[in-house]
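> no FASTA, just this:
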């Protein structure tokens, strides 16, 4: 199956089903006759701006992110930080960011897209992000940048 056809099917599956994990999505694709690896699905999810959100029952699920709502990567980051970050702590040259459950990878994806020069790398868990800054001063700048997004 061509990439465009697979992504059209993914869009349909996400719209019609409550999909909580990439494994769930891969299983639904297989039920539809499409074999796809986790790496391929992960790439599709990123390219299609699919995000994790909370369903009406409070459980995390995949949803299509509307590109019309937010145009630039930095605006997406600002919106996700404002909506999801619960607290931050700087530890020397690192910044530990706590988010709502299931939101850390979404915030981190947008943060990686923006590619601030102060940041050497990021690691995302389910509700925690570790931002590794290039220096302690850069870590302070990252915290200030995030605080400005929240206000």
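Good, I have the coordinates. Everything numeric here is computed off the predicted structure, so don't read it as measured data. Numbers count the residues shown, from 1 in each chain.
> Let me know the pLDDT of the residue nearest the centre of the chain.
Most central residue of the chain, judged by C-alpha distance to the mean C-alpha position with CA atoms, centre = their mean, is residue 106 at 1.6 Å. The predicted local distance difference test score for residue 106 is 87.
> avg pLDDT for stretch 140-151?
Here the mean pLDDT over stretch 140-151 is 93, rounded to a whole number.
> List the buried residues in that stretch.
Residues of stretch 140-151 classed as buried by neighbour count (16 or more other CB atoms under 10 Å): 141, 142, 143, 145, 146, 149. Just so you know, the C-beta spots here come from the backbone N, C-alpha and C atoms, and that holds for glycine as well.
> Would you confirm that the third one contacts residue 93?
Same thing as residue 143. No. With contact defined as CB atoms under 8 Å, residue 143 does not reach residue 93; the gap is 11.6 Å.
> pretty sure the residue nearest to the centre of the chain contacts residue 52?
Yes. Residue 106 lies in contact with residue 52 (CB under 8 Å); the separation is 5.7 Å.
> Now do the shared contacts for these two.
By CB atoms under 8 Å, 6 or more residues apart in numbering, residue 106 and residue 52 have no common neighbours.
> which residues of the protein fall in strands?
Under the criterion DSSP state E, strands of the chain are mapped to 50-54, 60-64, 85-91, 94-99, 119-124, 128-133.
> ok, back up a step: how about the residue nearest to the centre of the chain, what does it touch?
The neighbours of residue 106, taking CB under 8 Å, 6+ apart as the test, are 51, 52, 80, 84.
> so the second one bridges to which residues?
Right, the one you point to is residue 52. In this structure, residue 52 bridges to residue 62 when assessed by DSSP bridges.
> mind checking how far it is from residue 90?
26 Å (CB to CB, to the nearest Å).
> Compare the two (neighbour count), which wins?
Set side by side, residue 52 and residue 90 show more neighbours around residue 52, with 21 against 16, by other CB atoms under 10 Å.
> Got the domain ranges for this structure?
For the chain, the structural domains run 3-64, 73-150, going by automatic domain parsing.
> Out of these, indicate the one that is most buried.
Burial among these, expressed as mean neighbours by mean count of other CB atoms under 10 Å, is greatest for domain 73-150, which shows a mean of 17.
> wait, doesn't residue 103 sit right on residue 81?
No. Residue 103 lies out of contact with residue 81 (CB under 8 Å); the separation is 9.7 Å.
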